[in-house]
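Build me a structure from this.
(one chain, ligands or ions: 2)
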Amino acid sequence: MNNSKPVLMILFGATGDLAKRKLYPAFFRLFRQQALSDHFAVIGTARRPWSDEHFHEVIADAIADENPTEPEQAAFVSHFYYQSHDVGDASHYQVLSQLADKLDNKYQLAGNRLYYLAMAPRFFGQIVTQLKSAGIIDTEGFNRVVLEKPFGTDFESANELSQQLTSVFPEQDIFRIDHYLGKEMIQNILTLRATNSLLESQWSNKHIENVQITFAEALGVEQRGGYYDQTGALKDMVQNHILQVLSLLAMELPTGTSETAIREGKVAALRAVKIYTPDEVAKNFVRGQYTAGRLNHEDFAGYREEPAVAEDSRTETFVAGKFEIDNDRWRGVPFYVRTGKRLTEKGTRINIVFKNLTDNTDLATKNVLTIYIQPTEGFSLSLNGKSLDAQYETSPIRLSYRHDSKMMANTPEAYERLMHDAIDGDATNFTHWDEVAQSWKIVDVIRQAWDQDQTPVPTYAAGTMGPKEAFDLVAADGNEWVWQPDTWFIERGLLKTES
Ligand SMILES: NC(=O)C1=CN([C@@H]2O[C@H](COP(=O)(O)OP(=O)(O)OC[C@H]3O[C@@H](n4cnc5c(N)ncnc54)[C@H](OP(=O)(O)O)[C@@H]3O)[C@@H](O)[C@H]2O)C=CC1
Ligand SMILES: O=C1O[C@H](COP(=O)(O)O)[C@@H](O)[C@H](O)[C@H]1O
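Ligands and ions are numbered 1, 2, ... in the order given. From the prediction side, this is the model:
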């Protein structure tokens, strides 16, 4: 990564979970690789009355897993300043403004400012309005705002938020994070399609039978029950990450690599996704909620027993569904998606299932391209070959490639890339308002249909791959989910255990 421009980052939510778990380690990795200019400073803000010294201890703790040397750690934390700040208090922005100007001088930051809003979205409008009123954004350099998800809770609230933001920042200075867009293999999707004639020539309803996107998590809701119970899997994962991946798979290849060309392709793909009627939602989407179960020899409580979750909660922890894309390339190809918490293992994968040349419907005989996004990264392609011992029989062969652990250790993490891109002003891997708006229109009808349907939410035991209804959904089309656990590959020597 190149050495970034000078910048002052003002981080709202500096005492929060995201800052500690993701942002400080990502920033440190950029610092260590000298991908940050020497001219950088960070002001962390939140209400807690921390001192700079305490802030430095928190950051040191957050980056401990990166094993910094003492001088590295000391040099890194010396760029961080803490300002106790209530985002609702106008007078606090005056103090913030003075500190920002002081650091701008001290570090020669050319007035470049990045406001990172790692806070609940209900504060976003108020923060940007106050930044403007206090004159903090009136500098010579760039002024950009980075926003964490979720962007609104439906189309209407997202639209309102968008209007508040664009009354302060032009769209090109608004960076909406979808951290999946910073992941190596997601960034690889367009490269894979654009540089392999073998694939792109087959990338349509002529040759593809169905597409499957699975985002499985073994974790439950952990300490985020309060947020999750108000949100559910549909809004937490489908509205953003899954629809982003779907758009990269379904879009027409852009004519260049420009931010605009890629964005226009994604928006066009999302606009072609069919918006369902309530009856179509009932036919094409299912939800589920986990009950107590056993996973990796450990017992887990059901969702309703989790901290901060209502005991009669109807919130879905699992979604499976079928999207239809109404354009010449994809008409007739189901795009199946599923995501859930407390499933059998963590595994984010895309499966492209190709049509068979014969009438054979056995999945084992179909060509399947799998893109492994995490925890391992790579590809596999299943082909048919002649059986060694029988002249007229075929047997499936799997070509498989996974990045090894050494390579993965050197690839930048999602937040690392995205922070660097935001400082550089490259919004290619951030979501534009047009994408967000269309994604909300697609999921709002699903949410509304579910809210009106008071039948019991299907359940699944923790440690399984979701409710029976999710398997029935795909089976109704004569298809099945492709899912080989990593143990399957390890047993066949196709995946090394340390990767
Ligand atoms: N945690 C995660 O894994 C992920 C989080 N996100 C998103 O990131 C954002 C932050 O999440 P997370 O870090 O988990 O949330 P936390 O609840 O851990 O942190 C919230 C932060 O906001 C601060 N805060 C709350 N109220 C105020 C206020 N009135 N004035 C100033 N500061 C305030 C809190 O500090 P204090 O109490 O000291 O004021 C704290 O620093 C959310 O939008 C979330 O959806 C997205 C993906 C993953
Ligand atoms: O955005 C979110 O993503 C995480 C999963 O992210 P990953 O990078 O660990 O795959 C999910 O657990 C969380 O609920 C959701 O808000």
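
Going by C-alpha atoms from here, please, whenever you check contacts or count neighbours.
Noted.

mind checking which helix or strand the residue in the stretch 251-400 of the chain that ligand 1 sits nearest to is in?
Using C-alpha to the nearest ligand atom, the closest approach of the stretch 251-400 of the chain to ligand 1 is made by residue 308 at 13.1 Å. When elements are assigned from DSSP states H and E, residue 308 belongs to no helix and no strand.

For burial, what's the neighbour tally of it?
Burial of residue 308 is recorded as 16 neighbouring residues (other C-alpha atoms under 10 Å).

Also residue 341?
Neighbours of residue 341 under the rule other C-alpha under 10 Å: 28.

residues contacting it?
Taking C-alpha atoms under 8 Å, 6 or more residues apart in numbering, we find residue 341 in contact with 216-221, 290, 317-318.

mind running it again at 7 Å?
Residues in contact with residue 341 (C-alpha atoms under 7 Å, 6 or more residues apart in numbering) are 216-220, 317-318.

List the buried residues in stretch 167-179.
Applying a neighbour-count criterion of 16 or more other C-alpha atoms under 10 Å, one finds 168-169, 173-179 buried in stretch 167-179.

Save those residues as JSON lines, and put in pLDDT, secondary structure and distance to ligand 1 too.
What follows is those, written out as JSON lines (pLDDT from 0 to 100; DSSP: H, G, I helix; E, B strand; the rest coil; distance: C-alpha to the nearest ligand atom, whole Å):
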{"residue": "168", "pLDDT": "96", "secondary structure": "coil", "distance to ligand 1": "20"}
{"residue": "169", "pLDDT": "97", "secondary structure": "coil", "distance to ligand 1": "19"}
{"residue": "173", "pLDDT": "96", "secondary structure": "helix", "distance to ligand 1": "19"}
{"residue": "174", "pLDDT": "97", "secondary structure": "strand", "distance to ligand 1": "15"}
{"residue": "175", "pLDDT": "97", "secondary structure": "strand", "distance to ligand 1": "14"}
{"residue": "176", "pLDDT": "96", "secondary structure": "strand", "distance to ligand 1": "11"}
{"residue": "177", "pLDDT": "96", "secondary structure": "coil", "distance to ligand 1": "9"}
{"residue": "178", "pLDDT": "96", "secondary structure": "coil", "distance to ligand 1": "8"}
{"residue": "179", "pLDDT": "94", "secondary structure": "helix", "distance to ligand 1": "8"}
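
Out of those, which is nearest to residue 457?
Proximity of those to residue 457 was ranked by C-alpha to C-alpha; the top entry is residue 178 with 28.3 Å.

same for the longest helix that the chain contains, what does it pack against?
For the chain, the helix that runs over the most residues, judged by DSSP state H, is helix 433-452. With contacts taken as 3 or more C-alpha pairs under 7 Å, 6 or more residues apart in numbering; DSSP states H and E, helix 433-452 sits against helix 155-166, helix 259-272, helix 278-284.

what does that helix rub up against?
Counting by C-alpha under 7 Å, 6+ apart, 154-155, 239, 243, 267, 270-271, 275-276, 278, 281 sit against helix 433-452.

What's the first helix or strand after the lowest-mean-pLDDT helix or strand in the chain?
None of the helices or strands of the chain scores lower by mean pLDDT, DSSP states H and E than helix 405-410, at a mean of 69. Proceeding N to C from helix 405-410, the next assigned helix or strand is helix 414-424, under DSSP H and E.

count of neighbours near the closest residue to residue 420 other than its chain neighbours?
Excluding the flanking residues, the one nearest residue 420 by C-alpha to C-alpha, 6 or more residues apart in numbering is residue 4, at 7.0 Å. Neighbours of residue 4 under the rule other C-alpha under 10 Å: 20.

contacting residues for the residue in the stretch 301-450 of the chain that ligand 1 sits nearest to?
Taking C-alpha to the nearest ligand atom, ligand 1 has its nearest neighbour within the stretch 301-450 of the chain at residue 415, 10.5 Å off. Residue 415 is in contact with 22-23, 26, 179, 182, counting by C-alpha under 7 Å, 6+ apart.

Now tabulate these in a markdown table and tack on secondary structure.
Output for these, formatted as a markdown table (DSSP: H, G, I helix; E, B strand; the rest coil):
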| residue | secondary structure |
| --- | --- |
| 22 | helix |
| 23 | helix |
| 26 | helix |
| 179 | helix |
| 182 | helix |
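
follow-up on the earlier one: point out the most buried one among the helices and strands packed on helix 433-452.
helix 259-272 (a mean of 20; mean count of other C-alpha atoms under 10 Å).
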